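K.L.:
okay, structure incoming, though there's no sequence with it:
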Ligand SMILES: *Cc1c(COP(=O)(O)O)cnc(C)c1O
């Protein structure tokens, strides 16, 4: 029997109008970093998320690196960061010679537990060891509970950096996650809700911060007719060609959110009756884009564990992926402490991300549903 076409976890979804923007870049010979698309993309993005300033960069990781530099993070500093996340939330902390300290998740949104963060900041304030920054991650299209986290950071004057790479299109009390802290970072990697094939955006309400990050991202050139440098720079700007793709993608962001939420609704209708299978909740504080639909499997009740389900899907040429393996369990970060950790460990052990692309058809979703029901014996 011929293998059925592969269903991917979260493939890129083009609109058709990207080529026009790219063509424009070619026609005007702006095939370079910077250029009119970059400036327009920054402006349009800033207005979409409601932030005064935005800087288009070569990746979300680069944006986080710049944000940490702007927060003053350097060698020997400590940075508190969500443990349940992708390694790119943590790597830039290490690029700077600083040390991550991981914080566990809460069970509603799966993001950083505000109570644990507050306790840890209070404890550290008492012993005079406050961290240099907090990196708050908004996972899978859903905002963390930002208010108590931002309040705790403000109380101890610790800068808050938001990793909103997965949360473009989400809301927290009506506003975009990523716009609450000192700086926020988004990603346009190929698997994200919109893509430039690779790229990112740093936003901030602090004009001087964005200006300086822009300078660092452009090889730290001082204003002079020749090349003059008084600090170490990076080559982190986005190319004008890719910014053209981003402009086309940004126009359909709302459609992409609707399509991914429709995937979730369909999964819930088709699988909601299965014992031992539960869906990641939508927290009461905002809109979950359902960038990825995530489920938790209780093996006793479901009749199979998360890994058996993943393999059953794999056997049908369907890609799924375990929830992030917490950073405190990663060999590379073994030596760094974690405050709590049991919630993230449980979400990793039982959690699976189902195919969630905005271009999935109902027939694709039916294929996934069939495998899940068969795996549960129902
Ligand atoms: C994708 C992602 C990043 C990194 O973004 P890139 O653009 O791929 O560098 C950072 N953090 C999280 C949580 C992500 O999912």
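P.N.:
Looks like it arrived, so ask away. Keep in mind that this is a model prediction, so the values were computed, not measured.
K.L.:
the stretch 151-300 of the chain against the ligand: which residues are in contact?
P.N.:
163, 165, 166, 187, 189, 200 (C-beta under 6 Å from any ligand atom). C-beta: built from backbone N, CA, C; applies to glycine.
K.L.:
those residues in strands, which ones?
P.N.:
Using DSSP state E, the members of these that fall in strands are 163, 187, 200.
K.L.:
so residue 353: helix, strand or coil?
P.N.:
Classification of residue 353 by DSSP: H, G, I helix; E, B strand; the rest coil places it in strand.
K.L.:
surely it touches residue 319?
P.N.:
No. Counting by C-beta atoms under 8 Å, residue 353 does not reach residue 319; the two are 9.3 Å apart.
K.L.:
common neighbours of those two, please.
P.N.:
Counting by C-beta atoms under 8 Å, 6 or more residues apart in numbering, the residues touching both residue 353 and residue 319 are residue 9.
K.L.:
between the ones in strands among the residues of the stretch 151-300 of the chain next to the ligand, identify the one with the most neighbours.
P.N.:
Highest neighbour count within these: residue 163, with 32 neighbours (other C-beta atoms under 10 Å).
K.L.:
measure the residue lying closest to it once chain neighbours are set aside to the ligand for me?
P.N.:
Distances taken as C-beta to C-beta, 6 or more residues apart in numbering place residue 137 nearest to residue 163, at 4.4 Å, with adjacent residues excluded. Distance of residue 137 to the ligand, computed by C-beta to the nearest ligand atom, to the nearest Å: 5 Å.
K.L.:
next, the contact list for residue 137, please.
P.N.:
For residue 137, the contact set (C-beta under 8 Å, 6+ apart) comprises 81, 82, 84, 85, 89, 111, 112, 144, 162, 163, 165, 166.
K.L.:
quick check, pLDDT for residue 2.
P.N.:
As predicted, residue 2 sits at a pLDDT of 66.
K.L.:
can you tell me the closest non-neighbouring residue to the residue of the stretch 51-200 of the chain found nearest the ligand?
P.N.:
Nearest residue of the stretch 51-200 of the chain to the ligand (C-beta to the nearest ligand atom) works out as residue 60 at 2.7 Å. Among residues not flanking residue 60 along the chain, residue 187 sits closest, at 3.0 Å (C-beta to C-beta, 6+ apart).
K.L.:
next one: residue 252
P.N.:
In this structure, residue 252 finds its nearest non-sequential neighbour in residue 15, 5.1 Å apart by C-beta to C-beta, 6+ apart.
K.L.:
so the one you found touches residue 250, yeah?
P.N.:
No. Look at residue 15 against residue 250 with C-beta under 8 Å: they stay out of range, at 10.0 Å.
K.L.:
any chance you could map the helices in the stretch 101-250 of the chain?
P.N.:
All helices of the stretch 101-250 of the chain, identified by DSSP state H, counting those that start in this stretch, fall at 114-126, 146-155, 207-217, 240-251.
K.L.:
could I get those helices as TSV with mean neighbour count and mean pLDDT?
P.N.:
As requested, the helices of the stretch 101-250 of the chain are exported to TSV (neighbours: other C-beta atoms under 10 Å; pLDDT from 0 to 100):
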stretch	mean neighbour count	mean pLDDT
helix 114-126	16	98
helix 146-155	18	98
helix 207-217	18	98
helix 240-251	24	96
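K.L.:
from start to finish, how long is stretch 319-335 in a straight line?
P.N.:
Terminal residues of stretch 319-335 are spaced 32 Å apart (C-alpha to C-alpha, to the nearest Å).
K.L.:
begin at 26 from here
P.N.:
Sure thing, new numbering starts at 26, so read that last one as stretch 344-360.
K.L.:
list of residues touching that stretch?
P.N.:
31-34, 106-112, 114-115, 125, 127, 135, 164, 319, 331-332, 334-335, 338-339, 361-363, 366, 369-370, 372-373, 375-380.
K.L.:
what about it and the ligand, any contact?
P.N.:
No. Interface with the ligand: stretch 344-360 contributes nothing (C-beta under 6 Å from any ligand atom), its closest point being 8.1 Å away.
K.L.:
distance from that stretch to the middle of the chain?
P.N.:
Stretch 344-360 sits 15 Å away from the centroid of its parent chain (C-alpha atoms, centre = their mean, to the nearest Å).
K.L.:
check stretch 182-196 too.
P.N.:
Centroid separation for stretch 182-196 versus its chain: 8 Å, with C-alpha atoms, centre = their mean.
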